[in-house]
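Peer 1: below: sequence and its predicted model.
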Amino acid sequence: MKEFYQLDVNKVYDYVQQELNFFDENPDIECNEIGDGNLNLVFRVKDRKSGKSVIVKQSLPYVRCVGEDWPLNIDRSKIESKLLEMEYKLTDGSVPEVYKFDEVMYTTIMEDLSDYVIMRTGLLSYNQYPKFVDQITDFIVKTLLLTSDIAMDHKDKKAYVKEFINPQLCEITEDLVYSEPFFDAKRNNIADYMKTFMEENVWNDKSLLMEVTKLKFDFMNNAQALLHGDLHTGSIFINQQNIKVIDPEFAFYGPIAYDTGALIANLVMNYLSTNVRCKDEKLKKKHMRYLLDTIRDVMDVFRDKCMKIWPDIVRDNMACRTPDFAKWYIDDIFVNTAGVTGCEMIRRTVGLAHVQDIDGIEDERDRENIRKLNVLLAKEYIMNRHKMLTGKDFIDCLVGFT
Ligand code: ADP
Ligand code: MG
Ligand code: MG
Ligand code: MG
């Protein structure tokens, strides 16, 4: 009987061969731990001779960046591999192909995406991806709208809700995104100068806290679609041809706006970051224009694709067939996307897990200014979310602020 053990670079090749017999005879093997995430171990195993390679991702029974003091249900890896397999079919391969999931070792052996870059990294080098809007809106429509009650038989959908119940990972989001950044919590990663600023602008703002709590309860109670659950630019592999979305261990049935909001927030933060980091004025202008267009078009193309596909996919025979209902449904996603955008921006500034876009700003004064600006802009997105009904509304809010 096989038993669980923690993989390392010396064990992972033998493990892959045992499970898949993937490599040719007499290979010239190179193994690296390439994980940069907070939670799991990720290895690349490559045969230099044939060029063949695989990725092995192993979940540990605790949070990797904290250690055994923060235990975490290891079943998340099962959810992740199940979702990857489902989404691979739903999206014609916009996620890595899973070769094998191992229930004893909690490992997923999957396609190596070394010819892609993490989108956050690409954007920080001012790269542009002209096909991204079309690709990500396809991904969102196919993985979200098609797993909702709009397109699914209601009983089948409820079976999925049950299958993808993910309480521990949801609790992480509830705490780290919707709760802790909004008070002086122990786990916050907050610069000293941000403490009084947060007190004055966020922690004592009762009407803001009320709105954030409404958004938190939407996250907890709105089992709308099968979310990725962590759809920021660090979970998207990209190149000029394609995207591949990775790392869906936070998947569960939640509000569509949680995925779209995470994405928009991270594009917004890249925009703010570019404004102070980029020293080449022409490049700066071009990249910021590209980001604005991308934010606007992601929202507008998402709406257009939903409206277009709606009559063909709708299952219920009530008012939900009508364009008016479709508009109401999508308006609600827009409004909550703006709300989630704000929450994600605040948590990435003062919460436990930050982003390179902000923390990587080298000049200390610029970094401080952007942190403060980011929080104030986030408040606008949250408090004015009911007015955010077009892509233009999302970028006007941003431009008006910078
Ligand atoms: P975590 O859950 O710990 O955040 P991720 O799934 O995000 O783990 O993977 C961490 C890193 O490992 C990614 O940012 C990426 O650099 C690398 N990685 C993950 N999956 C692949 C893959 N299929 N191909 C190539 N690199 C990958
Ligand atoms: Mg990750
Ligand atoms: Mg992650
Ligand atoms: Mg992860």
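Peer 2: Nice, thanks for sending it over. Ligands and ions are numbered 1, 2, ... in the order given.
Peer 1: and the residue in the stretch 251-400 of the chain that ligand 3 sits nearest to, how many neighbours?
Peer 2: Ranked by CB to the ion, the top residue of the stretch 251-400 of the chain for proximity to ligand 3 is A353, at 8.2 Å. (C-beta placed from N, C-alpha, C; glycine too.) Residues near A353, counting by other CB atoms under 10 Å, number 16.
Peer 1: can you check the one 3 residues further on too?
Peer 2: When neighbours are counted by other CB under 10 Å, Q356 registers 17.
Peer 1: in stretch 221-234, what's buried?
Peer 2: Under the neighbour-count criterion of 16 or more other CB atoms under 10 Å, stretch 221-234 has 222-234 buried.
Peer 1: what's the end-to-end length of it?
Peer 2: Stretch 221-234 has an end-to-end distance of 26 Å (CA to CA, to the nearest Å).
Peer 1: what about that stretch and ligand 2, touching?
Peer 2: No. Contact between stretch 221-234 and ligand 2 is absent, the nearest approach being 5.8 Å (criterion: CB under 5 Å from the ion).
Peer 1: how far does that stretch sit from its chain's centre?
Peer 2: 7 Å (CA atoms, centre = their mean, to the nearest Å).
Peer 1: got the residues of the stretch 201-350 of the chain near ligand 4?
Peer 2: The stretch 201-350 of the chain comes close to ligand 4 at residues D247, E249, as judged by CB under 5 Å from the ion.
Peer 1: for ligand 4, what's the nearest residue on the stretch 201-350 of the chain?
Peer 2: For the stretch 201-350 of the chain, CB to the ion, closest residue to ligand 4: D247, 4.1 Å.
Peer 1: residues in contact with T213?
Peer 2: By CB atoms under 8 Å, 6 or more residues apart in numbering, T213 lies in contact with Y178.
Peer 1: same thing but 10 Å
Peer 2: Y178, S179, F182 (CB atoms under 10 Å, 6 or more residues apart in numbering).
Peer 1: can you tell me how far the nearest residue to the first one once chain neighbours are set aside sits from ligand 1?
Peer 2: Meaning Y178. Spatially, and ignoring its direct neighbours in sequence, Y178 is nearest to K216 (3.7 Å; CB to CB, 6 or more residues apart in numbering). As judged by CB to the nearest ligand atom, to the nearest Å, K216 and ligand 1 stand 23 Å apart.
Peer 1: assign a three-state SS to K216, would you?
Peer 2: With DSSP: H, G, I helix; E, B strand; the rest coil as the basis, K216 sits in helix.
Peer 1: what is the burial count for it?
Peer 2: K216, neighbours per other CB under 10 Å, totals 19.
Peer 1: let me see the contact set for it.
Peer 2: K216 neighbours (CB under 10 Å, 6+ apart): T173, E174, D175, V177, Y178, S179, F182, G339, C343.
Peer 1: ditto for E25
Peer 2: By CB under 10 Å, 6+ apart, E25 lies in contact with K49.
Peer 1: residues from this structure in reach of ligand 1?
Peer 2: 34-40, 42, 55, 57, 96, 110-114, 118, 246-247, 249 (CB under 6 Å from any ligand atom).
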